[in-house]
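Asker: Any chance you can model this:
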Amino acid sequence: MTGALYGLAHLCIRRRFIVLGVWLVLTVALVVISRGMGDETNDNLSLPGTDSQRAADTLAKSFPDQANGSSPIVLHARHGKLTEPQYAHAVEEAAASVRRAPHVASVVSPLTPAGAGALSKDKTIGYLSVTLSESPGSLSVEEAQSIIDAAHPATAAGLEVQTGGQLGQKVSKPSTESSELIGIIAAMAILAFTFGTLAAMPLPILNAIVALLVTLSIVRMLGHVTTVPTVAPTLATMIGLGVGIDYSLFVVTRHFRGLEEGLPLQESVARAAATSGGAVFFAGGTVTIALVSLAVAGIPLVTTMGLMAAIAVVVAVLAALTLLPAVLAIIGSHINAARVRAPHSEAKARSGLWARWANDIARHPAVAGLAALAILIPLTIPLLSLTLGQQDTAALSTSTTARRAYDLIEEGFGTGVNGPLLIAVSLGSPAKGTSDPRLQTLQHDVAATKGVATVTPMQIGQAGTTAYFNAIATTGPAKEATADLVQRLRSQTIPQAEQGTDMRADVGGSTAGYVDLASRISEKLPLQIAVVILLSFALLVLSFRTVVIPPQAALMNLLSIGASYGVLTAIFQYGWLSGAIGLEGPVPIVSYVPLFMFAILFGLSMDYEVFLVSQIEEHVHAGEDNRSSVVLGLVTSARVITAAALIMVFVFGSFLLNGDPTIKQFGVGLAVAIVIDSTVVRCLLVPALMLLMGKINWWIPAWLDRALPQVSIEGAEFFAERDNRAAAHAAAGAPLVEVGGGTGAE
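Answerer: A predicted model of the protein is given here:
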């Protein structure tokens with residue numbers, strides 16, 4: 001692989017202006033085309049084989065509109081009552097206007113007999129129940145807003161109008177407050193200090209931005225042919241910026257090292273792209289595998305989000321291996337312009353801060369290892385009480401219409417109305433009206449179940465074989481008690497009502513759907529963890545030719561991820577420091593956040609593991625003893641690892657400013673995990689363990705060593721053989737010349 005990357009780098013160097021032009025033209029074309037197509041995201045939750053999906057399928061036959069659920073447009077009279085003449089007429093006009101809007105199937109007014117339950121007891125709050133002719137998730141923001149705007153007669157009459165449900169969530173875009181910009185500014189400062197020159201500082205950032213523009217354009221276009229969740233572009237931005245800057249940092253740092261060693265400029269660029277580029281290719285491949293492996297969960301939403309994030313990683317790797325070498329060749333020796341500090345010296349590094357740190361670990365490896373565990377284990381303890389939940393509208397900013405509608409409905413009707421449980425019924429023989437004993441028994445039993453506040457009237461399909469009603473919980477949609485109620489209805493109440501009948505009932509609706517999502521993820525998470533660990537184990541065995549380091553790496557990664565899960569649980573589920581991150585108190589941890597965190601963090605942890613171990617391996621191959629190899633490998637890699645991690649922390653941490661609690665969870669979880677992994681694990685626990693293990697680190701059974709193909713991540717053997725061949729030719733008076741990026745003799 002090293003030879004191929006070396007040849008590719010030389011090609012990009014020779015055709016640098018063409019490569020740069022192709023990237024720029026491709027980027028501009030994709031951005032223009034994708035913007036012309038518009039955004040099309042969809043938060044439909046499809047979970048084949050679950051109770052909530054069966055409920056949706058049942059309703060789709062006889063009540064196709066109800067399968068899409070309903071969204072409330074809440075009307076609030078600050079003074080007086082909705083039933084007063086000056087407001088009543090406006091309410092009916094608003095209902096008629098919304099009914100005429102595109103994509104609306106039906107609207108029920110709170111001032112009609114059918115909608116009487118949507119009017120509060122004091123008659124100051126009511127809501128229009130808006131049922132759409134298609135899934136709310138498939139609407140564009142503009143289409144959703146046009147439906148909401150149709151309620152203008154109510155606004156004109158002085159009523160407060162807020163929209164909840166999926167329709168309100170569609171237009172409730174939380175403020176991001178330029179979070180990405182803050183991460184980029186922090187990265188600029190870190191890169192300027194790391195490289196020591198202002199000329200080199202923008203290269204990783206520009207490279208990452210170009211890759212990100214391409215990624216977001218691809219994601220936007222894919223939204224028109226597949227279901228792309230609303231959170232996917234933000235997640236892709238977070239991952240794309242982080243890995244894009246980090247991967248470029250590795251290559252540029254290696255280029256500076258080549259220049260320091262006296263390599264010609266273009267040769268230094270090519271070797272950097274082939275050596276650190278090899279590590280980038282490996283690391284990017286690991287992250288991609290981890291993200292694509294999310295497909296084993298069998299959840300369409302999760303699979304799609306994983307693929308969108310994987311696209312960001314693949315594009316970042318391609319940019320680091322092609323665009324960056326071309327730009328480095330163009331900038332040439334000017335990369336050292338505008339210095340802000342003296343050039344980094346490897347000789348100086350061996351007597352600096354990291355050298356003292358490494359030698360201290362080498363003198364007391366057992367103490368260092370125990371100190372690392374003393375930090376990690378307490379942080380992991382809250383993980384034991386982690387409960388997977390769902391997105392909570394109550395945690396959104398009060399500036400959003402969805403949150404305001406949520407609060408008004410809770411004030412007027414109770415919190416459970418914000419997330420009704422839909423009971424869908426399939427009958428073997430047609431029901432003869434709502435007096436059918438089967439339906440009456442079911443509805444009575446559900447209403448009597450602990451945790452149910454009330455039930456709505458039974459609705460029966462025209463053929464009499466399907467029916468439905470809603471059960472309103474006494475607790476909010478995102479509360480653990482509501483999830484317990486769903487399980488109680490499914491495991492006790494409904495089975496008892498079904499006994500001896502030809503009736504089957506399922507609990508559906510968005511609240512039950514997220515309960516099913518959390519359950520499915522809990523079932524699949526161990527399998528996904530096993531798949532990622534096994535694939536990573538195989539890649540590390542192949543790359544480092546040892547069966548000792550791969551399980552060490554897996555264990556270290558699990559420790560850092562476990563600690564980050566613990567911190568995530570403490571901050572969000574317990575509510576510790578919630579005010580400091582813009583939340584009003586505890587919020588549920590969205591079920592798919594830990595799943596994604598594992599896939600992303602395991603891959604990123606492997607980046608640092610590969611970078612550290614490859615530096616140690618380089619010294620081992622040079623004939624140095626284990627102690628010296630670990631110390632020198634840590635000294636060589638620690639500066640770059642901590643700089644790369646610090647950039648990641650600022651990029652991920654900047655998303656705390658996003659108003660979406662789910663994005664905040666990703667930001668906190670990823671930032672904390674990177675801090676833990678890059679400091680406690682990579683710069684303390686891993687070297688301590690490798691020092692204690694000694695020569696055993698590099699043990700591999702002889703039969704496996706013979707069976708494995710020769711693979712080198714950074715290609716040290718390739719360049720050693722190439723340099724030896726060049727020296728031999730020079731001694732023989734036959735200079736070596738490049739042939740397509742390779743070598744040949746004249």
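
Asker: correct me, but residue 329 touches residue 18?
Answerer: No: look at residue 329 against residue 18 with Cβ atoms under 8 Å: they stay out of range, at 11.7 Å. For glycine as for every other residue, the C-beta is placed from the backbone atoms N, C-alpha and C.

Asker: Same drill for the two, tell me which one is more crowded.
Answerer: Under the criterion of other Cβ atoms under 10 Å, the comparison of residue 329 against residue 18 puts residue 329 first, with 22 against 12.

Asker: remind me which residues of the stretch 451-600 of the chain are low pLDDT?
Answerer: Along the stretch 451-600 of the chain, segments meeting pLDDT under 70 are nowhere present.

Asker: Which stretches in it count as strands?
Answerer: Assigned by DSSP state E, counting those that start in this stretch, the strands in the stretch 451-600 of the chain fall at 452-455, 459-460, 466-473, 503-508, 589-590.

Asker: Out of those strands, the one nearest residue 234 is which?
Answerer: Among the strands of the stretch 451-600 of the chain, strand 589-590 comes nearest to residue 234, with 13.2 Å by Cβ to Cβ.

Asker: Other residues contacting the closest one?
Answerer: Applying Cβ atoms under 8 Å, 6 or more residues apart in numbering, the contact partners of strand 589-590 are 386-391, 568-569, 572-573, 661-662, 665.

Asker: let's go with 6 Å and repeat that
Answerer: 389, 391, 572-573, 662 (Cβ atoms under 6 Å, 6 or more residues apart in numbering).

Asker: just the buried members of these?
Answerer: If you count burial by 16 or more other Cβ atoms under 10 Å, the buried members of the contacts of strand 589-590 come out as 389, 391, 572-573, 662.

Asker: Tell me the one of these nearest residue 316?
Answerer: The nearest one, if we look at the buried ones among the contacts of strand 589-590 relative to residue 316 and count by Cβ to Cβ, is residue 662, at 23.0 Å.

Asker: which phi and psi does the residue nearest to residue 522 when sequence neighbours are not counted have?
Answerer: Among residues not flanking residue 522 along the chain, residue 388 sits closest, at 6.1 Å (Cβ to Cβ, 6 or more residues apart in numbering). The phi/psi pair for residue 388 (degrees, to the nearest 10) reads phi -80, psi 130.

Asker: What degree of burial does residue 388 show, as a neighbour count?
Answerer: Neighbours of residue 388 (other Cβ under 10 Å): 23.

Asker: Give the bridge partners for it, please.
Answerer: residue 589 (DSSP bridges).

Asker: ok, it touching residue 520?
Answerer: No: with contact defined as Cβ atoms under 6 Å, residue 388 does not count as touching residue 520 (10.0 Å).

Asker: quick one on the thing from earlier: of all the strands of the stretch 451-600 of the chain, which lies closest to residue 45?
Answerer: It's strand 503-508; of these, that one is closest to residue 45 (Cβ to Cβ) at 10.5 Å.

Asker: Quick one: distance of the closest one to the chain centre.
Answerer: Remark: strand 503-508 is offset 33 Å from the chain centroid, using Cα atoms, centre = their mean, to the nearest Å.

Asker: next one: stretch 142-149
Answerer: Its chain's C-alpha centre and that of stretch 142-149 lie 29 Å apart, by Cα atoms, centre = their mean.

Asker: Output it as CSV, nothing but the C-alphas.
Answerer: Output in CSV follows, covering the C-alpha atoms of stretch 142-149 (Å, rounded to 0.1, in the frame of the first residue of the first chain):
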residue,chain,number,x,y,z
GLU,A,142,-41.0,25.5,3.8
GLU,A,143,-44.0,23.2,3.4
ALA,A,144,-44.4,22.7,7.2
GLN,A,145,-44.2,26.5,7.7
SER,A,146,-46.9,27.2,5.1
ILE,A,147,-49.3,24.9,7.0
ILE,A,148,-48.5,26.7,10.2
ASP,A,149,-48.9,30.1,8.6
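
Asker: in that stretch, what's buried?
Answerer: Neighbour-count burial for stretch 142-149 [16+ other Cβ under 10 Å]: 143-144, 147-148.

Asker: I'd like these as CSV, with secondary structure, pLDDT and distance to residue 491 appended.
Answerer: Below are the buried residues of stretch 142-149 laid out as CSV (DSSP: H, G, I helix; E, B strand; the rest coil; pLDDT from 0 to 100; distance: Cβ to Cβ, whole Å):
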residue, secondary structure, pLDDT, distance to residue 491
143, helix, 86, 39
144, helix, 88, 36
147, helix, 93, 38
148, helix, 93, 39
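
Asker: List just the nearest of these to residue 577.
Answerer: The closest of the buried residues of stretch 142-149, once distances to residue 577 are taken by Cβ to Cβ, is residue 144, at 34.0 Å.

Asker: roughly how far apart are that closest one and residue 132?
Answerer: Computed as Cβ to Cβ, to the nearest Å, the residue 144 to residue 132 distance reads 9 Å.

Asker: Residue 581 now?
Answerer: 34 Å.

Asker: For the two, indicate the residue with more neighbours.
Answerer: Shown here are residue 581 and residue 132; by other Cβ under 10 Å, residue 132 has more neighbours (25 against 16).

Asker: Now do the phi/psi pair for the more buried one.
Answerer: Per-residue torsions, residue 132: phi -100, psi 160 (degrees, to the nearest 10).

Asker: Might one say that it is in contact with residue 106?
Answerer: No: using Cβ under 6 Å, residue 132 is not in contact with residue 106; the gap is 9.0 Å.

Asker: about what we covered before: with respect to residue 400, which of the strands of the stretch 451-600 of the chain lies nearest?
Answerer: Here strand 589-590 is closest among the strands of the stretch 451-600 of the chain (Cβ to Cβ), at 17.0 Å.

Asker: What are the boundaries of the helices in the stretch 501-650 of the chain?
Answerer: 510-544, 549-568, 592-621, 626-653 (DSSP state H, counting those that start in this stretch).

Asker: How about the stretch 301-450 of the chain?
Answerer: 324-331, 346-349, 353-363, 365-380, 401-413, 437-447.

Asker: who wins for proximity to residue 696 among those helices?
Answerer: Using Cβ to Cβ, the helices of the stretch 301-450 of the chain put helix 365-380 closest to residue 696, at 13.6 Å.

Asker: count of residues packed around residue 185?
Answerer: By the criterion of other Cβ under 10 Å, residue 185 has 13 neighbours.

Asker: which strands and helices sit next to the strand or helix carrying it?
Answerer: Under the criterion of DSSP states H and E, residue 185 resides in helix 179-195. Other elements packing on helix 179-195 under the criterion 3 or more Cβ pairs under 6 Å, 6 or more residues apart in numbering; DSSP states H and E are helix 626-653.

Asker: List of residues touching the following helix or strand past the helix it packs on?
Answerer: Downstream of helix 626-653, the first helix or strand assigned by DSSP H and E is helix 661-676. Applying Cβ under 6 Å, 6+ apart, the contact partners of helix 661-676 are 234, 391, 395, 560, 563-564, 567-568, 571-572, 581, 587, 590, 593, 597, 601, 645, 648-649, 652-653, 655-656.

Asker: One more: stretch 643-655?
Answerer: The contact list for stretch 643-655 (Cβ under 6 Å, 6+ apart) reads 179, 182-183, 186-187, 190, 194, 238, 241-242, 245-246, 249, 663, 667, 670-671, 674-675, 678.

Asker: and if you look at stretch 509-517?
Answerer: 45, 47, 50, 52, 390, 419, 421-422, 477, 483, 486, 591.

Asker: And it, what's buried?
Answerer: Across stretch 509-517, burial judged by 16+ other Cβ under 10 Å covers 509-517.

Asker: Looking at the residues you listed, which two lie furthest apart in space?
Answerer: Most distant of the buried residues of stretch 509-517, by Cβ to Cβ, are 509 and 517, 12.7 Å apart.

Asker: thinking again about what came up before, how big is the angle separating the helix holding residue 185 from helix 626-653?
Answerer: Relative orientation of helix 179-195 versus helix 626-653 (axes from the mean of the first three to the mean of the last three Cα atoms, to 10 degrees): 150 degrees.
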